[in-house]
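Chemist: Okay, here's the prediction I keep looking at, along with the sequence it came from:
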Amino acid sequence: MTSGASLQTQVIQKAWQDPSFKAKLLSDPKAAIQEALGVLLPDHIEIKAVEENPNEFYLVLPPNPSGVIAADVQPKAVWGM
């Protein structure tokens, strides 16, 4: 697990357990993470926190890795109702 994935897991678990942390995370995510977990994030890093609900699906697109695109990527599953 990468350090980013590990941090994400810690943040999610804390938000589920601590309503005040969750509220701060949604309003000021960088400060919430720094205060609660002691993780110092560089000034140039911006964090956005949103809360999903059962009727939403969030898709986060990572930065384009210098134009490398796999033309043969095929969908593996279909979203069903």
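Modeler: Alright, I've got the coordinates. Numbers count the residues shown, from 1 in each chain.

Chemist: Which helix runs longest in this protein?
Modeler: Counting by DSSP state H, the longest helix found in the chain is helix 3-17.

Chemist: And for the helix or strand bottoming out on mean pLDDT in the chain, what's in contact with it?
Modeler: Within the chain, judged by mean pLDDT, DSSP states H and E, the helix or strand with the poorest mean is helix 3-17; its value is a mean of 90. The set of residues external to helix 3-17 that reach it, using C-beta atoms under 8 Å, 6 or more residues apart in numbering, is 1, 21-22, 25, 33, 36-37, 39. Yep, even glycine has a C-beta here, placed from its N, CA and C like the rest.

Chemist: CSV for the residues you listed, including neighbour count?
Modeler: Rendered in CSV, the data for the contacts of helix 3-17 read as follows (neighbours: other C-beta atoms under 10 Å):
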residue, neighbour count
M1, 8
F21, 18
K22, 18
L25, 22
I33, 22
A36, 17
L37, 13
V39, 13
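
Chemist: Point out the least confident member of these, please.
Modeler: Per-residue confidence over these reaches its minimum at M1, where pLDDT is 58.

Chemist: Which other helices and strands does the following helix or strand past the longest helix of the chain contact?
Modeler: On the C-terminal side of helix 3-17, the nearest following helix or strand under DSSP states H and E is helix 19-27. Packing partners of helix 19-27 (3 or more C-beta pairs under 8 Å, 6 or more residues apart in numbering; DSSP states H and E): helix 3-17, helix 29-37.
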